[in-house]
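Participant: output the structure for:
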Amino acid sequence: MAFRRLLRGTVPWSQLEGVSRAVLSRYDEPAGRVRFLEADNWLSTPMVVEDRWFVKVVTPQNSLVHALLTTGRNIGAFSSGTEGFFEHFGTPYGMAEHELAATERMRELGVNAPEPIEAFEYEGLGVIVLEYLDDFRTLDELPTEAVASHAETVFEFLHRMHEAGLAHGDFRSENVLVADDRLYFIDATSVREAAIDDARAYDVACALGALEPLVGAHTAVEAARTYYTTEELLAAEEFLDFVNIRPDHDFEAAVIRGAIERSAD
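Facilitator: Residues are numbered from 1 along each chain as shown. Sure, this is the predicted structure:
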């Protein structure tokens, strides 16, 4: 735990207070309430300002961790027989700018995502401001039947992104929010455009891996088949072992393989 805290780093209270004041000032609020969120997030410090704005503060330490994660994921991609396709942004502000742009693009494609408001730099920190979704739950916090009812939408949203030449790159249940019974994607990362086919297969593998513990392999694969061909699911199968070594995924890869191969018969 101490090592994890070291990697994440902490933002001095004086800077967080300054960011909060900057957000309030930018939206002509003289004062406001700030609430920090409990989140297992290595790449930013999240907080809610005035129950209206979801603010993520990205530090140089977060940027370093992102570079290390990107390198590790690219090495894992090599182990799956493909070129690495993850990209890193060199500064905290660059990371914030990318997340804002990715969120805007998802919404343009009809993928639900919190409304992007702006990204700005504050004393070397990257700050992204998004709409705050009140009373949300992450996908893995829902009962099985509720997850099953949203499973096809997961693949519909991924397919919209993929058809437009985009990929999420960090799909996991914590990055899928449900508010007012609507699904929202957050925290899309960056992948190289030239490697979109591999990134697409990786996304599908991640989604299958996230859904399998929640609804079972058969339900997950059947939902994916609504939008993806047998060939595309077989391509995703190649990434299952790579995805499963991530600490934020834990699923039965062999069971998913069996469901994919049965669906291909």
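
Participant: separation between the residue nearest the centre of the chain and residue 123?
Facilitator: Geometric centre of the chain, nearest residue: residue 187, 3.6 Å, by C-alpha atoms, centre = their mean. According to C-beta to C-beta, to the nearest Å, residue 187 and residue 123 sit 24 Å apart. The way it works is simple: take the backbone N, C-alpha and C, and place the C-beta from them, glycine included.

Participant: just residue 100 next, same as before
Facilitator: From residue 100 to residue 123 the distance is 19 Å (C-beta to C-beta).

Participant: looking at these two, which is more packed in?
Facilitator: residue 100 (19 against 11; other C-beta atoms under 10 Å).

Participant: what about the more buried one, is that helix, strand or coil?
Facilitator: helix (DSSP: H, G, I helix; E, B strand; the rest coil).

Participant: give the contact list for it.
Facilitator: 116, 118-119, 128 (C-beta atoms under 8 Å, 6 or more residues apart in numbering).

Participant: so which of these is the most crowded?
Facilitator: residue 128 (25 neighbours).

Participant: name the element it belongs to?
Facilitator: Assigned by DSSP states H and E, residue 128 falls within strand 125-131.

Participant: pull up the pairing partners for that strand, direction included.
Facilitator: Strand partners for strand 125-131, identified by DSSP bridges, are recorded as strand 53-58 (antiparallel), strand 116-122 (antiparallel).

Participant: can you check which of those strands gets nearest to residue 22?
Facilitator: strand 116-122 (5.4 Å; C-beta to C-beta).

Participant: what comes into contact with the closest one?
Facilitator: 15, 18-19, 22, 26, 53, 92-93, 96-97, 99-100, 103-104, 107, 126-131.

Participant: any of those buried? List them.
Facilitator: 15, 19, 22, 53, 92-93, 96-97, 99-100, 103, 126-130 (16 or more other C-beta atoms under 10 Å).

Participant: how near is residue 11 to residue 62?
Facilitator: 9 Å.

Participant: looking at the two, which one has more neighbours?
Facilitator: A side-by-side neighbour count of residue 11 and residue 62, using other C-beta under 10 Å, places residue 62 first with 24 against 19.

Participant: in three-state terms, label the more buried one for me.
Facilitator: Under the three-state scheme (three-state DSSP), residue 62 adopts helix.

Participant: residue 174 too?
Facilitator: Looking at residue 174 with three-state DSSP, the answer is helix.

Participant: residues contacting the strand holding residue 128, please?
Facilitator: By C-beta under 8 Å, 6+ apart, strand 125-131 touches 11, 15, 19, 22-23, 44, 53-59, 63, 91-97, 99-100, 103, 114-121.

Participant: send the alpha carbons of stretch 12-28 over as CSV?
Facilitator: Taking Å, rounded to 0.1, in the frame of the first residue of the first chain, the C-alpha atoms of stretch 12-28 are listed here in CSV:
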residue,chain,number,x,y,z
PRO,A,12,-0.6,19.6,-1.5
TRP,A,13,-3.7,21.0,0.0
SER,A,14,-2.6,24.6,-0.9
GLN,A,15,-2.6,23.6,-4.6
LEU,A,16,-6.0,21.7,-4.4
GLU,A,17,-7.5,24.8,-2.7
GLY,A,18,-6.0,26.9,-5.4
VAL,A,19,-7.5,24.7,-8.1
SER,A,20,-10.9,24.9,-6.4
ARG,A,21,-10.8,28.7,-6.2
ALA,A,22,-9.8,28.8,-9.9
VAL,A,23,-12.7,26.6,-10.9
LEU,A,24,-15.2,28.8,-8.9
SER,A,25,-13.7,32.0,-10.3
ARG,A,26,-13.9,30.8,-13.9
TYR,A,27,-17.6,30.2,-13.4
ASP,A,28,-18.3,33.4,-11.5
